[in-house]
Structure formats: structure tokens, C-alpha cells
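I need the structure of the sequence given here:
(4 chains)
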There are 2 protein chains.
Amino acid sequence: MSEDTRTKLLAGALEALVRNGIAKTSARSIAAAAGVNQGLVFYHFGSVDELLAAACRYGAEQRVAHYRPRFAEVRSFAELVRLGRDLHAEERDAGHVATLAQLLAGAQTRSWLAPATAAGLELWAAELEKVLERVVPGTPIEGLVDTRGLARALASGFIGLELYEGVDHEGAERALEALERLGDLVAVLDDLGPVTRRAVRARLRGAAGGTQGRSSARPPASPGGDGGEAPAAP
Amino acid sequence: MSEDTRTKLLAGALEALVRNGIAKTSARSIAAAAGVNQGLVFYHFGSVDELLAAACRYGAEQRVAHYRPRFAEVRSFAELVRLGRDLHAEERDAGHVATLAQLLAGAQTRSWLAPATAAGLELWAAELEKVLERVVPGTPIEGLVDTRGLARALASGFIGLELYEGVDHEGAERALEALERLGDLVAVLDDLGPVTRRAVRARLRGAAGGTQGRSSARPPASPGGDGGEAPAAP
DNA sequence: GTCTATACATGGATAGAC
DNA sequence: GTCTATCCATGTATAGAC
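Numbers count the residues shown, from 1 in each chain, chains lettered A, B, ... in the order given. Model prediction:
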């Protein structure tokens, strides 16, 4: 069946990316991982790059769907950081974290891949944005920081941390630890009550001068969270 | 002269990475960029991977040295975020931002590259750490967040943002905007005076429970800053 | 739809001339 | 130290048999 072989190739492409990296992912290595003939890559997808683009969407959708229920449960910034750490640990073993990073690296110079990888990251960012919109109201940054922009910063920052993890496990752990501490701090800021919040916001309006956020976002912990709370690669 | 050719090859390797990405960077493409013969890659460095590892250190040292004076001038978190944006803009045009990301992606599956890329990122992280140690004292997170870990989170997060920039320029700009707003917020928090700081720290000690930072770090803005304030790739 | 065979290009690496 | 020539492996893509 064609559907079956297509799916095998999509999964094989992701596996080849995990095992070989973008540099050594070829029609042959994908076909080997998929257990099918090499020529079928071109029959079904036309070229290796088109298969990779399709695999990117496929993988991201799968992974995001898997974590969606857990994103939906997040009710505070501290919980988001914790989900980030869990996701990091779980996806790392399966190697899924690496694939989006590999595709992003490849997309820098292969224009075919850019839209697909941007869409893949977008799926994660959209989940994060939903969380932020739930979590931000009531915090000092409500109305000051663009939720959409912050979600994208967190998602892409997380990708960077995953790449770092691949070359320095201990360093990455320490980085995640630091972000978790920042998460604690944010939780405390939320607790300080409306007086402080109002003071912060009054100063911000006066001092910040420049652009102000469009929708809403969250305080400090979130930034550091870029590495800690964003979702993993597909 | 041998030194001359070696240097040409190092520069050629970086150029090839920018133009072709890790996937299409080969002894031949490097030699072409360097304007020398392909066989010299193997004569001088033994293999392509070893040349790439050397080029990684070479490029990172060059770039970090170039920005070191500006890092040294940073006196507040807001200034750090601003330097991050400047660095992002300047390095992007030269394509330097991309090389460390490409090497990191390659290092995930080519063990030869891992130590070299980790060292390259380390150079940037070390600069960031010095800044943090200057900027953190007096903020609520002093003594609560590990400066070293935070510096690494920011550096690697920045890499992720640079990769994102390559596939979605507008999205990345929006992400940077959001991080800058967070930077403003941190500045305000610093302004709120010792009363708030003390309240925050008292709560943190009670609530956070788990691990507490070893040296020092900074508040929220810093986290988001991962994308905005960390240094660019070499 | 799938596999085998095959063409042609590119890349890693070495030998030997200069 | 550097260049040319060359070998062999790997990769893209297509044609044609099943």
C-alpha cells in the first residue's frame, strides 16, 4: 500500500535525522531506516528535501498532539517550567528533541525546508502561547509583553538548549537548574499581591518609553524559561 | 607558507558553513572558499571534522574577542539585552551567527565536534557570566540562581533564536521585542527598592524548597533574554 | 506500487609529481 | 608545502522489470 510506505518513509526520515544528523541524512539512509527501497523516496516525495519537509510537519504534529493535554493542565509559570523539564527528559531519550534542531540547521541554507520548519516550531509556539494567555493575567507584565512573541522566544530558546545538551550534558543540566530557580522567583512575584504589581506597572509605563506589548505575557521567570519551559523538538 | 594556508582553510571552513550549512560543507567546498587545493585540508588537519573543530575554536575566539570590550561595559540587565540585540543584528549580516549553530547541529552526531563546539559556546558563556556577576548583586535573585548555569542557558537559548531567525525573520523580531519588554520589567524591579527585594527573598527561601542557587544570577528579564541577551555564534 | 539496475555527481582520502 | 591525478564510497535521480 502506498499510504503505508509513505508513512514508513516519514518515520524513517525522522529516525535518520536522529541517528545521523542532517549532514548524513540521505535518501539511502532514510530508506534503510524505513526498511524500503531507496527509489521510493523520489517516487513518493520527489526529492529528499521534500520528504524532510513533510517529515517535519508529521513529526511536530505527532509530538505536539502527545503533549497537548499536559500543556492544557498548566496553570502557573512554575508548572510550565516543570513541564519543560519533563518534556526535555522524555523526548531526549527518544531522540525526538534533536530532529527539529537538525531540520532548523538544514533550513538555514535549504530554502525548501524553511517554511516547513517554521511551521513545525509554530505548532509548539502555539501551545505555549495558549498557556501564556492563561497564566499571564494578573502578573505585572500583563498587557506589557507580547504573548505571541514571548511564546516564540521560549520555543526557539528551548531548541538551543537542546542542541547544547547534545554537546555538554552537565552544562545543560545546570542551565535548566538555573531556569527552574528563576521560575520559583516568578511564582513569588505573583504572590506579592496587587500593591507591588501596581507599582511595577506604573513604573514601567513611565520608564519603558518605547513599544509596549500587544496582548499579554509573563514576568521574569518566563524569559529565562526560554531554555526551560519551551517545548521540545518533534 | 604553511601558517597562511592553515589560516585560509580555517576562514574558508567558516565561510563554507555560512554559505552551505553543515550538510553541504565538504573538503572541496571549504577548499574552494579558501582558494586553495582540496588535498591541503587533509595535509594540514587530517580530516574535515578536525578542520571544523579547529575552525570552531578559531571563529569563536575571534568573535568573542571582538565583543569583549562591549560586554565589559554592560552595567545593567537592560544594557545586556540591548547588547544582545546589537550583536544579533551585526553578526547576522556577516552570517557569523549561523556557524556555531551549524557546528552544534553537526556535533550532535559527530563526536569529534562535540568538545570543540562546547568550548566555543563556553567562550560566549564565560563573557555572559562575567556580566551577570557584575549585574546580579543587589537584585532579588542574588544568591538564589546559579550565575554559571544562567549564563549557559542564555548563550544556548540565543543560538536557538538565531536558528529561528533563519526560517522566520518576522517571528524572531517579534520574539526579540518581547524579550526587550521583559528587560524593561527587570530594570523596574531593580528600582523598587530594598523593601520589595527583601520581601521577595524571604518568600523564596520559604517557598522554593528545593535547590537554591550557588553563586548569583538575575531576575526575570534575564530568562526571556535567553534569546535576546546571549551572544551570537562565531 | 515496489524493486533492481544503473547513470552520473559529489565527497573523503591518498600517492606522487613539482 | 602545494598541486594534480586518481580511487573508492556515498548520494541523487531515473528507467524499466515485476
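
which SSE is immediately downstream of the longest helix along chain A?
As assigned by DSSP state H, the longest helix anywhere in chain A is helix A:48-73. Scanning forward in sequence from helix A:48-73 by DSSP states H and E, the next helix or strand is helix A:77-94.

tilt between that following helix and helix A:48-73?
140 degrees (axes from the mean of the first three to the mean of the last three C-alpha atoms, to 10 degrees).

list the helices and strands helix A:77-94 packs on?
On a contact count with 3 or more C-beta pairs under 8 Å, 6 or more residues apart in numbering or on different chains; DSSP states H and E, helix A:77-94 meets helix A:48-73, helix A:113-135, helix A:147-167, helix A:169-191, helix A:221-228. In short, each C-beta sits where N, CA and C put it, glycine included.

contacting residues for A:Thr117?
A:53, A:56, A:100, A:103-104, A:106-107, B:167 (C-beta atoms under 8 Å, 6 or more residues apart in numbering or on different chains).

pLDDT score assigned to it?
Model confidence at A:Thr117, given as pLDDT, is 98.

got the contacts of A:Thr117 as TSV, with neighbour count columns?
Formatted as TSV, the contacts of A:Thr117 follow (neighbours: other C-beta atoms under 10 Å in any protein chain shown):
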residue	neighbour count
A:Ala53	24
A:Cys56	31
A:Leu100	30
A:Leu103	32
A:Leu104	30
A:Gly106	27
A:Ala107	27
B:Val167	24
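
how about these in JSON lines, adding distance to DNA strand C and pLDDT?
Listed next are the contacts of A:Thr117 as JSON lines, based on distance: C-beta to the nearest atom of the strand, whole Å; pLDDT from 0 to 100:
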{"residue": "A:Ala53", "distance to DNA strand C": "19", "pLDDT": "98"}
{"residue": "A:Cys56", "distance to DNA strand C": "21", "pLDDT": "97"}
{"residue": "A:Leu100", "distance to DNA strand C": "25", "pLDDT": "96"}
{"residue": "A:Leu103", "distance to DNA strand C": "20", "pLDDT": "98"}
{"residue": "A:Leu104", "distance to DNA strand C": "21", "pLDDT": "98"}
{"residue": "A:Gly106", "distance to DNA strand C": "14", "pLDDT": "98"}
{"residue": "A:Ala107", "distance to DNA strand C": "18", "pLDDT": "98"}
{"residue": "B:Val167", "distance to DNA strand C": "23", "pLDDT": "97"}
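
by mean pLDDT, which helix or strand of chain A comes out lowest?
helix A:221-228 (a mean of 38; mean pLDDT, DSSP states H and E).

between the contacts of A:Thr117, which sits nearest B:Arg203?
A:Leu100 (36.8 Å; C-beta to C-beta).

return the list of helices and strands in contact with the helix or strand harbouring that closest one.
Here A:Leu100, judged by DSSP H and E, is contained in helix A:96-107. If you count contacts as 3+ C-beta pairs under 8 Å, 6+ apart, helix A:96-107 packs onto helix A:2-20, helix A:48-73, helix A:113-135, helix A:147-167, helix B:96-107, helix B:147-167.

of all those helices, which lies closest to A:Gly84?
That would be helix A:147-167 among the helices and strands packed on helix A:96-107, by C-beta to C-beta, at 6.8 Å.

what residue ranges in chain A score low on pLDDT?
Residues of chain A that meet the criterion pLDDT under 70 lie in A:1-2, A:192-196, A:204-234.

so which bits of it are right by DNA strand D?
Within chain A, the positions adjacent to DNA strand D are A:24, A:26-29, A:38-39, A:42-43, A:47-48 by C-beta under 7 Å from any atom of the strand.

I figured A:Asp146 hits B:Gly171, correct?
No. Assessed by C-beta atoms under 8 Å, A:Asp146 is found out of contact with B:Gly171, at 11.3 Å.

neighbour-wise, which of those two wins?
A:Asp146 (26 against 23; other C-beta atoms under 10 Å in any protein chain shown).

quick one, phi/psi of the more buried one?
phi -70, psi 110 (degrees, to the nearest 10).

domain parsing for chain A?
Following automatic domain parsing, one gets these domains for chain A: A:1-46, A:63-228.

any residue of the first one up close to chain B?
Yes. Judged by C-beta under 8 Å from any C-beta of the partner chain, domain A:1-46 comes into contact with chain B through A:19-25.

ok now that domain, how far from the chain's centre?
24 Å (C-alpha atoms, centre = their mean, to the nearest Å).

what of the longest one?
Its chain's average C-alpha position is 8 Å from that of domain A:63-228, according to C-alpha atoms, centre = their mean.

kindly report the same for stretch A:58-68.
How far stretch A:58-68 lies from its chain's middle: 11 Å, per C-alpha atoms, centre = their mean.

how about that stretch, does it reach chain B?
No. Stretch A:58-68 stays clear of chain B (C-beta under 8 Å from any C-beta), getting no nearer than 12.9 Å.

quick one: buried residues of that stretch?
A:58-60, A:63-64, A:67 (16 or more other C-beta atoms under 10 Å in any protein chain shown).

and of those, the nearest to DNA strand C?
A:Tyr58 (16.5 Å; C-beta to the nearest atom of the strand).

and the closest one, how far is that from B:Arg152?
32 Å (C-beta to C-beta, to the nearest Å).

check the gap between the closest residue to A:Ala72 other than its chain neighbours and DNA strand D for me.
With sequence-adjacent residues excluded and distances taken as C-beta to C-beta, 6 or more residues apart in numbering or on different chains, A:Ala72 is closest to A:Lys130, at 7.8 Å. Per C-beta to the nearest atom of the strand, to the nearest Å, A:Lys130 is found 37 Å from DNA strand D.

does A:Lys130 touch A:Val74 like I think?
No. Here A:Lys130 does not reach A:Val74: they are 9.1 Å apart, not a contact under C-beta under 8 Å.

more neighbours: which of the two?
A:Val74 (22 against 16).

got the CA coordinates for stretch A:59-75 in PDB?
What follows is stretch A:59-75, C-alpha atoms only, in PDB (Å, rounded to 0.1, in the frame of the first residue of the first chain):
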ATOM      1  CA  GLY A  59       6.800  14.700  13.500                       C
ATOM      2  CA  ALA A  60       5.900  18.000  15.000                       C
ATOM      3  CA  GLU A  61       2.200  17.300  14.800                       C
ATOM      4  CA  GLN A  62       2.700  13.900  16.500                       C
ATOM      5  CA  ARG A  63       4.700  15.300  19.300                       C
ATOM      6  CA  VAL A  64       2.600  18.300  20.000                       C
ATOM      7  CA  ALA A  65      -0.500  16.200  20.000                       C
ATOM      8  CA  HIS A  66       1.100  13.900  22.500                       C
ATOM      9  CA  TYR A  67       1.900  16.800  24.900                       C
ATOM     10  CA  ARG A  68      -1.200  18.900  24.300                       C
ATOM     11  CA  PRO A  69      -3.200  17.500  27.300                       C
ATOM     12  CA  ARG A  70      -0.300  18.300  29.600                       C
ATOM     13  CA  PHE A  71       0.100  21.900  28.200                       C
ATOM     14  CA  ALA A  72      -3.600  22.300  28.800                       C
ATOM     15  CA  GLU A  73      -3.200  21.500  32.500                       C
ATOM     16  CA  VAL A  74      -0.600  24.200  33.100                       C
ATOM     17  CA  ARG A  75      -1.900  26.900  35.400                       C
END
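
understood, closing this out.
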